[in-house]
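Q: what follows is a protein structure lacking sequence information:
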Ligand code: PMP
């Protein structure tokens, strides 16, 4: 007898093409799980099975699935105004959200604060906006030689052609390389790559020195440095010392180049502070936000920028204006979800709760440090990552053909936990509502998944 879950699987596979998936692997190598509903940190399948969403559904979810306060805010907004184009019109949620985002954005004592918000409708689109804005700023000022971007090795900024061009993960980039604008790549400050006797902070300094050289080699050619502060997430949850961003800020200022902080994944409390840039005391010129912005309910992106950048577009000519537009720019439902999300941060004192949760995660993660296949256990706030290698040292990764990540994924899923490894890196990035019992399940399952995958 075909179960309800089987029926959904079969209907899906006859019509849906899934993201980030070799479809050939469905459903035999890679299970396809029809989800009926969400409940806090749980996803519930059509077969009634429950799965702990330890990766917050691609890092979007903050306060749990079907969080009633966010759901209610969207419903209220839907009965008022579902959408209106944001050119020539405005609406309450877009205005209020912009005010609130600017009020909580990272600041730096010596700089004029971020002053304007440009909306888009997903993370990659937000990155496109920031790149185009940086380039167009210089163009408007007659600095037309500034056509290049500096990005970091092992960085990730999304899958559209512009965002891919500043990404450095071969799996996503390689095929499309002939289509991509040529970015300059600076060494990653990744602490995992620190050499013998080199501390994380040393690594940060040395990488900043390399960036300084790159800037020197291309005087007047670069519009902006774009990076993920604190954690290169898609690159395997690789973490770096906050000193790096501090240095990059200084280097950007010295070369007259913008700093674009892509906090799409690390923003909204993921790394312990509201925004990761705060840990370096740095205010970027362009700040890209998405994912957790709506608590994981709806696609929305916001690019925060300075008055100075905004002013460079003011003119009588339309060509000097920033004409970039998406139909759903500043969608009222998504803005209402974002406003509800920001209210929850206050109502629940979420950052303080996260500090306590992060301590529990640290305690549960510590024993993995002595596991024979774990080369590194690292943490930044609500993100914990485990680097798996053959001998538990950094020199001997598993061959890709061993499919360690896939095996760990299947082992965890069979135990009711969604761990979706990045290569051979397993990580925890749970919704902030995760409780002690769920954390214990997560730690036990991770242990079992590593053992099973590496057996
Ligand atoms: N930047 C970063 C740092 C990301 O992690 C992601 C998504 N994983 C993106 C950009 C792209 O966002 P989206 O998937 O919404 O296009």
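A: Cool, the structure landed. Just so it is clear, the structure is predicted and the values come from calculations on it, not from any experiment. Residues are numbered from 1 along each chain as shown.
Q: isn't residue 422 right up against residue 232?
A: No: under the criterion of Cβ atoms under 8 Å, residue 422 is not in contact with residue 232, lying 10.0 Å apart. In this view, the C-beta of every residue, glycine as well, is placed from N, C-alpha and C.
Q: okay, the two: which has more neighbours?
A: For residue 422 and residue 232, the more surrounded residue by other Cβ atoms under 10 Å is residue 232, and the numbers stand at 28 against 20.
Q: which residue packs closest to the more buried one, ignoring adjacent ones?
A: residue 238 (4.5 Å; Cβ to Cβ, 6 or more residues apart in numbering).
Q: can you count the residues close to the one you found?
A: When neighbours are counted by other Cβ under 10 Å, residue 238 registers 25.
Q: what sits against it?
A: Contacts for residue 238 (Cβ atoms under 8 Å, 6 or more residues apart in numbering) come out as 154, 188, 190-193, 231-232.
Q: ok, now how distant is it from residue 291?
A: 18 Å (Cβ to Cβ, to the nearest Å).
Q: remind me what the helix or strand residue 341 falls within packs against, helices and strands.
A: Using DSSP states H and E, residue 341 sits in helix 332-347. Other helices and strands packing on helix 332-347, by 3 or more Cβ pairs under 8 Å, 6 or more residues apart in numbering; DSSP states H and E, are helix 68-78, helix 92-104.
Q: so which of those is nearest residue 127?
A: With Cβ to Cβ as the measure, helix 92-104 is the member of the helices and strands packed on helix 332-347 nearest residue 127 (16.9 Å).
Q: what is the burial count for the closest residue to the ligand within the chain?
A: Closest approach between the chain and the ligand, counting by Cβ to the nearest ligand atom: residue 123, at 2.1 Å. Residue 123: 28 surrounding residues under other Cβ under 10 Å.
Q: residue 288 is in contact with that one, correct?
A: Yes: look at residue 123 against residue 288 with Cβ under 8 Å: they come within range, at 7.2 Å.
Q: which bits of this protein sit near the ligand?
A: By the rule Cβ under 6 Å from any ligand atom, the part of the chain lying against the ligand is 122-124, 127, 156-158, 228, 233-234, 262, 264-265, 290.
Q: list the buried residues in stretch 175-192.
A: For stretch 175-192, burial by neighbour count (16 or more other Cβ atoms under 10 Å) applies to 183-192.
Q: between the two ends of that stretch, what distance do you get?
A: End-to-end span of stretch 175-192 (Cα to Cα, to the nearest Å): 27 Å.
Q: next: stretch 167-181.
A: Counting by Cα to Cα, you get 11 Å between the two ends of stretch 167-181.
Q: neighbouring contacts of that stretch?
A: Everything outside stretch 167-181 that qualifies as a contact, by Cβ under 8 Å, 6+ apart, is 149, 151-159, 161-162, 164-165, 185, 234-235.
Q: same thing but at 10 Å, please
A: 20, 124, 127, 131, 147-149, 151-159, 161-166, 183, 185-186, 188, 226, 232, 234-236, 400, 422-423 (Cβ atoms under 10 Å, 6 or more residues apart in numbering).
Q: from the chain's centroid, how far away is it?
A: Remark: stretch 167-181 is offset 19 Å from the chain centroid, using Cα atoms, centre = their mean, to the nearest Å.
Q: could you number the chain from 31 rather than 1 from now on?
A: In the new numbering, first residue 31, that becomes stretch 197-211.
Q: which one of the contacts of residue 268 is nearest residue 469?
A: Residue 469 has its nearest neighbour among the contacts of residue 268 in residue 261, at 19.8 Å by Cβ to Cβ.
Q: which residues touch that closest one?
A: Residue 261 touches 220, 267-270, 295-296, 300-301, 306, 408-411, 413, 415, 457, 459, counting by Cβ under 10 Å, 6+ apart.
Q: residue 123 and residue 131 touch, don't they?
A: No: contact criterion Cβ atoms under 10 Å: residue 123 and residue 131 do not qualify, at 11.9 Å.
Q: quick revisit: from residue 467, how far off is the residue of the chain closest to the ligand?
A: 32 Å.
Q: how about residue 384?
A: Distance from residue 384 to residue 467, by Cβ to Cβ: 18 Å.
Q: more neighbours: which of the two?
A: Under the criterion of other Cβ under 10 Å, the comparison of residue 384 against residue 467 puts residue 384 first, with 23 against 9.
Q: would you say the more buried one is within a helix?
A: Yes: assessed by DSSP: H, G, I helix; E, B strand; the rest coil, residue 384 belongs to a helix.
Q: I figured it was touching residue 411, is that so?
A: Yes: assessed by Cβ under 10 Å, residue 384 is found in contact with residue 411 at 6.5 Å.
Q: overlap in contacts, the two.
A: Common contacts of residue 384 and residue 411 (Cβ under 10 Å, 6+ apart): 299-303, 391.
Q: now neighbour count, distance to residue 236 and secondary structure too, for the residues you listed, in CSV please.
A: Below are the shared contacts of residue 384 and residue 411 laid out as CSV (neighbours: other Cβ atoms under 10 Å; distance: Cβ to Cβ, whole Å; DSSP: H, G, I helix; E, B strand; the rest coil):
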residue, neighbour count, distance to residue 236, secondary structure
299, 21, 30, coil
300, 27, 26, coil
301, 28, 22, coil
302, 19, 25, coil
303, 20, 25, coil
391, 22, 29, helix
